[in-house]
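Q: Okay, predicted coordinates and the sequence, questions at the end:
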Amino acid sequence: TVRSGGRTRLKIERKTQGELRFCESVEAAHSNHGTAAKVAAELGITAQPLRLDSQVKYGVMSRGEADILMRLPASKGHMSSGYIENIWDHAAGVLLMEEAGGVVSDMYGKDLDFSHGAKLIKNRGVLASSSPELHAKL
């Protein structure tokens, strides 16, 4: 952020388990909201998810306003089992998250691989979290 001509480095503040909040797409077809809700319940997260579109999700997470993003393949629709993520939907957001101390991977814990053209063909789904410790729980 820029304030009074100076710069302040983004840094995600650690939260207690009860303070955590999910972030997810407005469109239910863009991810599996049901699975995300089950994970939230398992982690004891009671706050309603922030529902946003585009890379805004990464922006609010890098500011500490949300802690978990699970963009998992949906069971039907265009995000179903054969869907491959576009790099432009994630590249800048991954940079923001990592600079702020967050972690982004695919659903198997692998780093997102932006080296294969316009699609994340070597990855499946996207997980983002506010800390390495939280990411390990996902």
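A: That came through, no problem. Numbering: from 1, shown residues only.
Q: Confidence-wise, which helix or strand of this structure is lowest on average?
A: strand 2-3 (a mean of 50; mean pLDDT, DSSP states H and E).
Q: List the contacts of R14.
A: By CB atoms under 8 Å, 6 or more residues apart in numbering, the contact set of R14 is 130-131. All C-beta spots, glycine's among them, are computed from the backbone N, C-alpha and C.
Q: what's the burial count for the closest residue to V103 other than its chain neighbours?
A: With CB to CB, 6 or more residues apart in numbering as the criterion, V103 has its nearest non-adjacent residue at 4.1 Å, and that residue is H135. Residues near H135, counting by other CB atoms under 10 Å, number 17.
Q: from what I can see H135 touches L127, true?
A: Yes: at 6.9 Å, H135 and L127 qualify as touching, with contact defined as CB atoms under 8 Å.
Q: picking up where we left off before, what about the residue nearest to V103, distance to G101?
A: 11 Å (CB to CB, to the nearest Å).
Q: sorry, back to before: Provide a list of residues in contact with the residue nearest to V103.
A: H135 neighbours (CB under 8 Å, 6+ apart): 103, 105, 127, 129.
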